[in-house]
Every structure is written in structure tokens, then in C-alpha cells.
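sequence plus predicted model, see below.
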Amino acid sequence: MQRRAYVPGVAALLAALLAGCTGSSGDGSPSDNSNPGSAGTASQAAQPGRYATLPEPCGAVGPKTLDELLPGIGEMTDEAQRTKAYAGEATLTYDTDRKVGCSWKVESAEATNRLVIDFERVVSYDHAVSDDSQAEELFATKRTAAGLPEPTATESGSPGTDDDAGEDGGSASADPDASSSPSARPSETSGSSGADAAAATKTSGSGSPSEGGSSPASPSVPPADLQPRLLDEFGDEAFIDDELSSSGSTVKQRSVTVAFRTSNVIVTIEYAEQPATVGTVPDSKEMQDRARKLASLLAGSLGG
């Protein structure tokens, strides 16, 4: 009978030991063994960019647009050769999820034209930096490398598109000549700044003005509204560059570059023309209009 007297005491002792193992203070606060680095206190990662994939580059430009950019295609009589010219040549890349491109080169009786497009999807490996911020930083480096002068005015008005916009997936844009109106170009009525002079030197392909002075209408020196500048007609940010170089001392090649960023994707267009006739200078406005029109189509197909 004396053994039963100890049972309640043993039960009380076990209950006390179990209560001590719960680690609870009894007031709702976490126990001493709780993890201070719980998921609730972890900082959130930066947002990913809008784009997780890239388009097929050689299919991004429709036949009608290629006809305009590469006039020599229309002169081809061999169907197989023409088909190959339309197809373009994909840029060699080892990661098609991050960077893709395509190039076309066509000769005509008047000139040789070359077109290159590149798509780059930027991904940030820093959880504190978003893909968009990383792409913005990379684009700023690209813009600086282009050596653009300080802008006197931001380009406005979107270049026009034809029925090829539906074919390439782009949205309709304004008339390409809309930005050529006097009201859209105050720089035409204002004096040239030092930045304009620097841009004129770059696009003329020489280190100094020609003898007797070169007027803004000179085919080798585009007027202020055609000089390298920032654009605001597509993407989150964009710029256009225009450079006239020379092979030897007579044949000049003009290269127009349009680059724009939409979220975490950077698109670069390089459009070049080298005339077949000695002394001929490619028309800056015509080439810029074509390159801007293509950029508008590509931005539309990306939804930016």
C-alpha cells in the first residue's frame, strides 16, 4: 500500500520535466533555441526582368523590311540565292537564352548593304539588384562607348511603319517624316553648339571641317537633327549613332547604329552602306530613317 503513495509524486516530477523541455517562456515569446535568422526576417530578392526568353533573330525582320534595307535582294535573279539572302546568317552564340543575333549582307549595282541585329537578355546574379537595373547600367556603358554628344533636344516622334509591321508583329507608328517638321526640330532654327560641332566632326569622318567651311546640308556632315543623339520614341531608353568612315581615300562607308533597352533586353541594330561608285556618300537621313523604322518594329514585337 505504501508504493501507491509515490505514484502521484513521480507523475508530478515527469510533468515538470516535460514542461521545461517545451522551451516556452509561457508569455508567447520564442524559446532560447529558436532560430533568429528565420524566413520571416529575410530580405526579399529584387524583381526579375520582364523577359525570360529571346526571339528568333533571323525571323525577326520580315521580307518587306529587308527589301527596303537591302535593295540588292530585288536584283537577284537566282531564286536559291535570293532565299538564302532573306534567311540571313545567325550569330554564333553559346547561350541562346542570353544573347542571339543575325546578319545580312547583300550587294547591288549601286552599293553593298549590311544589316546586323543583336538581342541581349540581361540577368542580375545579385539578389539585391534587379535585372532591369543591371540592364540599365549595361546600356549606360554602351551609350558612353558610342561617344554621343550632350543632347540639345530629345528626338520625338516615332518613325512610320508600313504593312510590314503586322508581318513582324510590331505596332503601327507615326509617319517617319513627322519628326522632320519645323515644329519638331527646334535645333534647325537655333545656333549650333559645341556638342553639335563635335557630332558633325564624327559623322563627317574627318578631324576638321572641309576647306571653306562645311554647311549643315553637306552630304558628309548631317544637320543637327541627324547627328548622334538620344531617342525617346521606343523602348525605355534609346540612342542613334551615325559614323562615316573611309576605305582608302575615296570610298566612304556610312554606319548607323540604333540601340534601345526594353526592361532587361537590349537590342542593337547596325546598318551600313558602302557605295560602289567612287565619291558617292551614303545619305544619312535615308539610312537613319530605315534603321529607326526597324527599331520601332522590333520594339513593337517585344511589346516595348
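Okay, I see it.

for my notes, confirm residue 261 occurs in a strand.
Yes - counting by DSSP: H, G, I helix; E, B strand; the rest coil, residue 261 falls inside a strand.

which residues does it form beta bridges with?
residue 237, residue 266 (DSSP bridges).

mind checking how far it is from residue 238?
Note on residue 261: its distance to residue 238, by CB to CB, to the nearest Å, is 7 Å. Backbone N, C-alpha and C define where each C-beta goes, glycine included.

and stretch 281-290, which residues are buried?
By neighbour count on 16 or more other CB atoms under 10 Å, the buried set for stretch 281-290 is 281-282, 284-285, 287-290.

ok, and what's touching stretch 106-118?
Applying CB atoms under 8 Å, 6 or more residues apart in numbering, the external contacts of stretch 106-118 come out as 57, 60-61, 66, 69-73, 75, 85, 91, 99-105, 267-277, 280, 282, 294, 298.

out of those residues, which are buried?
Buried among those (16+ other CB under 10 Å): 57, 60-61, 66, 69-73, 85, 91, 99-104, 267-275, 280, 282, 294, 298.

which members of the residues you listed occur in helices, if any?
Counting by DSSP state H, the part of those found in helices is 66, 69, 85, 294, 298.

spell out, range by range, the helices that occur in the stretch 51-200 of the chain.
63-69, 79-87, 131-145, 164-168, 194-204 (DSSP state H, counting those that start in this stretch).

worst mean pLDDT among the ones you listed?
Ranked by mean pLDDT, these bottom out at helix 164-168, which scores a mean of 43.

which stretches of this structure form strands?
Taking DSSP state E as the criterion, the chain carries its strands at 89-90, 99-107, 111-121, 229-231, 237-247, 251-262, 265-275.

with mean pLDDT and distance to residue 145 as extra columns, can I get those in JSON lines?
Below are these laid out as JSON lines (pLDDT from 0 to 100; distance: least, CB to CB, whole Å):
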{"stretch": "strand 89-90", "mean pLDDT": "96", "distance to residue 145": "25"}
{"stretch": "strand 99-107", "mean pLDDT": "97", "distance to residue 145": "17"}
{"stretch": "strand 111-121", "mean pLDDT": "97", "distance to residue 145": "14"}
{"stretch": "strand 229-231", "mean pLDDT": "94", "distance to residue 145": "15"}
{"stretch": "strand 237-247", "mean pLDDT": "89", "distance to residue 145": "10"}
{"stretch": "strand 251-262", "mean pLDDT": "94", "distance to residue 145": "10"}
{"stretch": "strand 265-275", "mean pLDDT": "97", "distance to residue 145": "11"}
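
can I get those in a markdown table with distance to residue 80?
As requested, the strands of the chain are arranged in a markdown table below (distance: least, CB to CB, whole Å):
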| stretch | distance to residue 80 |
| --- | --- |
| strand 89-90 | 15 |
| strand 99-107 | 14 |
| strand 111-121 | 20 |
| strand 229-231 | 38 |
| strand 237-247 | 30 |
| strand 251-262 | 28 |
| strand 265-275 | 25 |
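
wait, which of those is closest to residue 302?
Closest to residue 302 of those, according to CB to CB: strand 251-262, at 5.2 Å.

for that closest one, packing partners?
For strand 251-262, the contact count by 3 or more CB pairs under 8 Å, 6 or more residues apart in numbering; DSSP states H and E identifies helix 131-145, strand 237-247, strand 265-275, helix 284-302 as packing neighbours.

how about these in CSV, adding distance to residue 49?
Shown next, in CSV, are these (distance: least, CB to CB, whole Å):
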stretch, distance to residue 49
helix 131-145, 3
strand 237-247, 15
strand 265-275, 7
helix 284-302, 12
